[in-house]
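[1] Task: produce atomic coordinates for the following.
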Amino acid sequence: MNILRLKALLGAGCFSLALIGAVLHPAHAGGLERGGYDIDLLFDPAPVATEAEATYVMPDRKYENAKGPGGVDFGFGTSAKGAEGYWVPRIGVKAQVVQGVDCMFDYSQPWGAHVAPGMWNGALSNIETDIKSDNYAGTCSYKMDAGKGQLRFIGGVYYQKVYGYKESLVAPVPGLTGRVDLTSSGWGWRAGIAYEIPDIALRASLVYNSKVKLDNISGTLDLTNVGKGLIPIYGTTQYMPDVVELKLQSGIAPGWLAFGSIKWTNWSLLQSVPICPVAAPSAACFTNGPAEATSLDLMYRDSWTVSGGIGHKFNDQWSAAGQLTWDQGTSHGYGSQTDTWTVGGGVAYTPKPNIEVRLAGAIGVLTSGHSGILIGDNGKVVGGDASYDFGNDLVTAVSGGIKIKF
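    The predicted structure follows:
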């Protein structure tokens, strides 16, 4: 088989298989991750390429044996739903600016969480928490010939908005609730390098995404249900995590592609966020400080995500892929973000050379554990307001997307 035939079998159609794996990744990753960061569109060889995709994730996490402070049963219920379903959208456009220079602009929602257990024995800790994000990014690359392939240098910036609310009981009496609403924003940057040999669909990329500094956290503390009104608040400077990801793919036989990735996320940046009244001086606003009115407690540890898969191109119209992913949990005694194992598969249909439609699905296991009292490195004690168990629970996801090239 000559090299031109091999290139035809391993080219653009098989390249899309790695993207099928990418859209399956948000199936309930650890920490606050939803869509994460994805710049695969930047590598598309077309002069102009647009892409839109959405994933719906359905985690079936359940809390059991829930108790309040000191193991007290308030009679509100010992079980509750531990996670809500959510959408992960992404849209992007890539264009070749000049020969060797490509740029991509995209919108995504990298971070988020939605838990709404309602009135349960752990309601002093949480009735509902909903965190969302918006990310607007511009990324460019310059590629040059190197050996049998091409070396690509990658750089970009992104603006990120993170916002949400948390509602919980102030005292163990139904109706005595408080709510914190917060919003913040910041900038980040990315840099990376990649090496490609298109003839055999080989690509190796290493990309670093920086921390995002959130030094303008502001909002309100609503205590109207306990007679204290609406209080303007602020939070101390925090950071969304930096991420390092290595991705590999290569043709392994005519029509077959292997792909995988290893990612490290610096989740330990997110521990306890002290929330203080605007009237309080910043010098007194710190963890366990005199001005701390409440706090957003996460107490995460760093995590690794490892995935690998195989793709096959059946003909010029149809290709398919399967992927296995392990995501290390960020919780370690407080919270329910334990390890996740996910198996996914998807198909890509190319009715015309410039149009590609993708459909994928995934199923996985959220591993079991216990949440209770944890003492952080900064001396913060969390988990005293609720303890609970959770078993091995199911998570499923469906995803669809379309790419149009010009």
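[2] Now do the host helix or strand of residue 397: which elements does it pack against?
    Using DSSP states H and E, residue 397 maps to strand 393-405. Helices and strands touching strand 393-405, by 3 or more CB pairs under 8 Å, 6 or more residues apart in numbering; DSSP states H and E, are helix 12-24, strand 48-59, strand 340-352, strand 355-366. Bear in mind the C-beta positions are built from the backbone N, C-alpha and C, glycine included.
[3] Report the inter-axis angle for the third one versus strand 355-366.
    Same thing as strand 340-352. Going by axes from the mean of the first three to the mean of the last three CA atoms, to 10 degrees, strand 340-352 is angled at 170 degrees with respect to strand 355-366.
[4] Would you mark the buried spots in strand 340-352?
    For strand 340-352, the neighbour count (16 or more other CB atoms under 10 Å) marks 340, 342, 343, 344, 345, 346, 347, 348, 350 as buried.
[5] And stretch 190-198, by the same measure?
    Applying 16+ other CB under 10 Å to stretch 190-198 flags 190, 192, 194, 195, 196, 197, 198 as buried.
[6] CA-only coordinates of that stretch in CSV, if you can.
    Taking Å, rounded to 0.1, in the frame of the first residue of the first chain, the C-alpha atoms of stretch 190-198 are listed here in CSV:
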residue,chain,number,x,y,z
ARG,A,190,-2.0,29.3,27.6
ALA,A,191,1.2,28.2,25.9
GLY,A,192,2.2,24.9,24.3
ILE,A,193,4.0,23.0,21.7
ALA,A,194,3.0,20.2,19.3
TYR,A,195,4.5,18.0,16.7
GLU,A,196,2.6,16.5,13.8
ILE,A,197,3.2,14.0,11.0
PRO,A,198,0.0,14.3,8.9
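[7] Need the contact partners of that stretch.
    7, 11, 37, 39, 43, 45, 137, 139, 141, 143, 146, 148-158, 202-210 (CB atoms under 8 Å, 6 or more residues apart in numbering).
[8] and the residues you listed, which are buried?
    Buried among the contacts of stretch 190-198 by 16+ other CB under 10 Å: 11, 37, 39, 43, 137, 139, 141, 143, 149-150, 152, 154, 156, 158, 202-203, 205-207, 209-210.
[9] from these, which ones fall inside helices?
    Among those, DSSP state H puts none in helices.
[10] if you look at those residues, which of them are in strands?
    Among these, DSSP state E puts 137, 139, 141, 143, 149-150, 152, 154, 156, 158, 202-203, 205-207, 209 in strands.
[11] picking up where we left off before, for the strand holding residue 397, which strands pair with it and how are they oriented?
    Sheet pairing of strand 393-405 (DSSP bridges) gives strand 48-59 (antiparallel), strand 355-366 (antiparallel).
[12] Format those strands as TSV; extra columns: mean neighbour count.
    Below are the strands paired with strand 393-405 laid out as TSV (neighbours: other CB atoms under 10 Å):
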stretch	mean neighbour count
strand 48-59	19
strand 355-366	20
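[13] Identify whichever of those strands lies nearest to residue 172.
    Between residue 172 and those, the shortest separation by CB to CB is 27.7 Å, and it involves strand 48-59.
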